[in-house]
Structure formats: C-alpha cells, structure tokens
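Enquirer: sequence first, predicted coordinates after that:
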Amino acid sequence: MKTTLNKVELTGYAGMNAEMFIFENGNIVMKFKLATHENFQRSTGEWVKQTYWHNIIMWAKDSMHALPMVKKGSKVQVEGKLIPRTYVDKEYNTRYVYEVQAFKIVLLVEEEEPVNATEELIAE
C-alpha cells in the first residue's frame with residue numbers, strides 16, 4: 001500500500017480571539033478563524049487581493065498554551081492536517097466543512113517599520 005501525506009501549513013492573521021470549549025467528557029478544543037490572502041492580476045491589468053478564511057481547531061492540552069497568544073489581528077503560523085466534518089444545521093440540512101486540525105501554532109512578531117530619524121529632526 002502506498003503512503004499519503006495530509007499536512008497543512010498556513011501563515012495568516014487571526015480573524016478573532018481564540019475560543020476554548022470544554023466538553024462534558026473533559027475534552028478541550030480551541031477554535032479560531034485564520035485569514036490568508038493572495039494577490040493576482042486580472043486580464044484587465046487590475047490587481048485583486050483574494051482573502052480566504054480557514055477554520056482552525058486544536059485539541060487537548062496543547063490548546064491551553066496557544067489560547068493566550070491567538071488574538072484578533074495577530075500573525076500566526078499553523079501546522080496541522082485537513083479534516084472533513086459533517087453536521088446537521090437548525091433546518092436539518094447536512095453541512096460539510098473542512099477544518100485544519102492544528103498540532104503546532106507559532107506567533108509571528110512583525111518587526112516595526114524603521115523610523116527615519118532625519119525626517120523627525122526636520123519636523124521639529
């Protein structure tokens with residue numbers, strides 16, 4: 001049997017503060033949405049920024065460590081695997097979603113733009 005690989009690596013911005021849910025059986029899950037984007041040029045020459053939203057989940061104690069660092073607008077890198085899931089909505093329709101089940105989340109700190117000291121002196 002040939003082996004396959006289910007691995008996802010995303011770098012983007014958290015669209016919300018991470019939320020934690022504790023189930024009756026004691027399982028813990030953290031959830032948040034991650035925004036990634038790409039730029040492309042249409043045939044008209046117009047540049048377009050396309051944003052994609054990804055549902056991220058992290059199970060168990062690992063999520064306890066990641067929860068405080070995932071805040072809305074923070075830049076994070078997520079490594080995990082793609083998991084399909086189905087559920088039934090309020091109107092009894094079966095819905096299909098894909099989530100990234102993270103096993104590693106890294107907070108990426110963006111460097112501040114360098115300050116031009118010459119411009120500051122002229123402004124004074």
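Expert: The structure has been received and is ready for your questions. Numbering: from 1, shown residues only.
Enquirer: give the contact list for the residue lying closest to Val70 once chain neighbours are set aside.
Expert: Nearest non-adjacent residue to Val70, counting by C-beta to C-beta, 6 or more residues apart in numbering: Ala18, 3.7 Å away. (Each C-beta comes from the backbone N, C-alpha and C, glycine too.) Ala18 is in contact with 30-32, 63, 66-67, 70-71, counting by C-beta atoms under 8 Å, 6 or more residues apart in numbering.
Enquirer: most neighbours among the residues you listed, which one is it?
Expert: When those are compared by neighbour count (other C-beta atoms under 10 Å), Phe32 ends up highest, at 26 neighbours.
Enquirer: helix, strand or coil: sort out it for me.
Expert: Taking DSSP: H, G, I helix; E, B strand; the rest coil as the rule, one finds Phe32 in the strand state.
Enquirer: distance of the residue nearest to it when sequence neighbours are not counted from Trp47?
Expert: Spatial nearest neighbour of Phe32, chain neighbours left out: Ala18 (4.2 Å); criterion: C-beta to C-beta, 6+ apart. Using C-beta to C-beta, to the nearest Å, we find Ala18 at a distance of 32 Å from Trp47.
Enquirer: who does the residue nearest the centre of the chain bridge with?
Expert: Central residue of the chain (C-alpha atoms, centre = their mean): Leu34, 2.5 Å from the mean position. Beta-bridge partners of Leu34, counted by DSSP bridges, are Ala14, His54.
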